[in-house]
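Participant: Requesting a structural model of the entry that follows:
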Amino acid sequence: MLFAKGTKMYSIAHKKCPHCHEGEFFVSRNPYNLSKAGEVNENCSVCKRKLSIEPGFYYGAMYVAYALAVAMYVSIYVATNVLYPSASTLVQILLIIGGLILTGPWLYALSKMIWGNFFIAYKGVEPTEKEILELGKRQVPKA
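Facilitator: Predicted structure coming up:
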């Protein structure tokens, strides 16, 4: 199943934590809430794992956003030429710019979800054995 829990597509489609697929990825689920647009939670509210691997981690999402914007541009251009072949160049440009402006916040959020899922694997809600061992090493006092 392409969208079953435990797959990257599930996490992307539902805007859930890539680690456990239960906690929220963004501070606000609405990408058009511009005051919190694209703000990623620091830790998952369910599994408590970090959602950012390192500082500046999501800068790489710009490459994904660029690819999504190009795909949107091409889609609008082709759709305009197929559905309205007599459209002037100005109309095509206005439709493309309008489409990109309207879908911009959604593409921005989607690009962060895709980027995060490139690098963060599904682990489930419970800590893995490796995480338990690492946590144990960090909590052991040094003599």
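Participant: Please name the bridge partners of Lys50.
Facilitator: With DSSP bridges as the criterion, Lys50 is bridged to Asn43.
Participant: Now do it against Phe57, distance only.
Facilitator: For Lys50, the distance to Phe57 equals 10 Å [CB to CB, to the nearest Å]. Just so you know, the C-beta spots here come from the backbone N, C-alpha and C atoms, and that holds for glycine as well.
Participant: Over to Ala65?
Facilitator: Ala65 is 14 Å from Phe57, by CB to CB.
Participant: Over to Thr80?
Facilitator: The gap separating Thr80 from Phe57 is 37 Å, by CB to CB.
Participant: Which of Ala65 and Phe57 has more residues huddled nearby?
Facilitator: Between Ala65 and Phe57, Ala65 has the larger neighbour count (other CB atoms under 10 Å), namely 20 against 17.
Participant: where's the residue nearest the centre of the chain, which helix or strand?
Facilitator: Taking CA atoms, centre = their mean, the centroid of the chain lies closest to Met113, which sits 1.3 Å from it. When elements are assigned from DSSP states H and E, Met113 belongs to helix 89-119.
Participant: Figure out how far that helix is from the centre of its chain.
Facilitator: Chain-centre distance of helix 89-119: 12 Å, with CA atoms, centre = their mean, to the nearest Å.
Participant: now for that helix, which elements pack on it?
Facilitator: Packed against helix 89-119 by the contact rule (3 or more CB pairs under 8 Å, 6 or more residues apart in numbering; DSSP states H and E) you find helix 8-14, helix 61-83.
Participant: Distance to Val125 and mean pLDDT for those - can I get that in JSON lines?
Facilitator: Shown next, in JSON lines, are the helices and strands packed on helix 89-119 (distance: least, CB to CB, whole Å; pLDDT from 0 to 100):
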{"stretch": "helix 8-14", "distance to Val125": "13", "mean pLDDT": "93"}
{"stretch": "helix 61-83", "distance to Val125": "25", "mean pLDDT": "96"}
